[in-house]
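Peer 1: Make a model of this:
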Amino acid sequence: MENRVVAVTGGAAGIGRATALTFAAKGWTVGAYDVDEAGLADLVDEASALPGEVRTARLDVRDAEAFEGVLADLVAGTGRLDALVNNAGILLAGRFEDGDTAAYDREIDINVKGVMHGLRAGFAPLRRTAAEHGRAVVVNMASASAIYGQAELANYSATKFYVRGLTEALDLEWGRHGIAVRALWPLFVQTAMTADMSTGTTDSLGIRLTAQDVADAVLLAVEPGRARGALHQVHFPVGLQTKVLSAGSRFSPAWLTRLVNKRLAHS
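Peer 2: Residues are numbered from 1 along each chain as shown. This next block holds a predicted model:
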């Protein structure tokens, strides 16, 4: 098998770490990036026994120039970039009016601009890899909160609507280059981001998904298999709850979707 290469942001912990280890277990070369350098060092140690190689570098996804630099270094050392996983993100919960503007700005910068910077930096090496090897893939971490705007997660939910829209648009634009662009839609995941989180919706639905559940879905989005690939699936709901909510919103009238979300959020 060819030595394929994937770049993963937010790779030091949570979903990003599980994703990096999952690809390394499959023999991929993984570029894992985060601001948490200690977490990255620990990741390298954990991955040392796996068939793939994990390379790391510090990256703040808000820095477009730095993003270009780490991907350029990865491609210089490996010759290709088969997949880019824009995973880095933060989550702020609570009533919108009670939040801090600077914190909201940071959430937008990481969740929105970080994804945009990754796509801008990744396009050229992904296009070259697709031209040489037939295909390249981007997986953007969206959220079930992009199905309908979520009470107590208003700013976070809005950032994920951006990810959803950008994914759909670029999958159309970049298809001619052989680049597939996909979005993952997990509900609440058991990571540090949700450890102290309590909202109406988490009370209703719980926090059931694990980081490994999402990592497995990332791998599926990158390697969808012949049947799923033929369907050209762009959005990948993760977990039964998200699949039900996604299907319901697709076929129910808008007033019913709003009512369901209102009741789940206890609003």
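Peer 1: contacts, neighbours, all on C-alpha from now
Peer 2: Will do.
Peer 1: Tell me where this protein is predicted with low confidence.
Peer 2: 1 (pLDDT under 70).
Peer 1: Please enumerate the strands of it.
Peer 2: Using DSSP state E, the strands of the chain run over 5-9, 29-34, 53-58, 83-86, 136-141, 179-186, 235-238.
Peer 1: Redo the ones you listed as CSV? Include mean neighbour count and distance to L170.
Peer 2: Putting the strands of the chain into CSV (neighbours: other C-alpha atoms under 10 Å; distance: least, C-alpha to C-alpha, whole Å) gives the following:
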stretch, mean neighbour count, distance to L170
strand 5-9, 27, 18
strand 29-34, 26, 23
strand 53-58, 21, 27
strand 83-86, 26, 14
strand 136-141, 26, 10
strand 179-186, 26, 7
strand 235-238, 22, 13
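Peer 1: Adding distance to A64, write those strands out as TSV.
Peer 2: Converted to TSV, the strands of the chain look like this (distance: least, C-alpha to C-alpha, whole Å):
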stretch	distance to A64
strand 5-9	13
strand 29-34	14
strand 53-58	13
strand 83-86	13
strand 136-141	17
strand 179-186	20
strand 235-238	26
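Peer 1: nearest to A41, of the ones you listed?
Peer 2: A41 lies closest to strand 53-58 among those, at 7.9 Å (C-alpha to C-alpha).
Peer 1: what's the angle from the closest one to strand 5-9?
Peer 2: Here strand 53-58 runs at an angle of 40 degrees relative to strand 5-9 (axes from the mean of the first three to the mean of the last three C-alpha atoms, to 10 degrees).
Peer 1: now for strand 53-58, which elements pack on it?
Peer 2: Secondary-structure packing of strand 53-58 (3 or more C-alpha pairs under 8 Å, 6 or more residues apart in numbering; DSSP states H and E): helix 14-25, strand 29-34, helix 37-47.
Peer 1: so which of the ones you listed is the most packed in?
Peer 2: strand 29-34 (a mean of 26; mean count of other C-alpha atoms under 10 Å).
Peer 1: So for V75, which of the strands of the chain sits nearest?
Peer 2: Between V75 and those, the shortest gap by C-alpha to C-alpha is with strand 5-9, which sits at 8.5 Å.
Peer 1: Now do the closest one against helix 14-25, angle only.
Peer 2: For strand 5-9 against helix 14-25, the angle by the same axes, to 10 degrees is 170 degrees.
Peer 1: quick one: contacts of strand 5-9?
Peer 2: 16, 19-20, 23, 28-34, 61, 71, 78, 80-88 (C-alpha atoms under 8 Å, 6 or more residues apart in numbering).
Peer 1: among the strands of the chain, which is nearest I147?
Peer 2: strand 179-186 (8.8 Å).
Peer 1: what lines up beside that closest one in the sheet?
Peer 2: In the sheet, strand 179-186 lines up against strand 136-141 (parallel), strand 235-238 (parallel) (DSSP bridges).
Peer 1: any chance of those in TSV, plus distance to R208?
Peer 2: TSV is the format used below for those (distance: least, C-alpha to C-alpha, whole Å):
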stretch	distance to R208
strand 136-141	18
strand 235-238	11
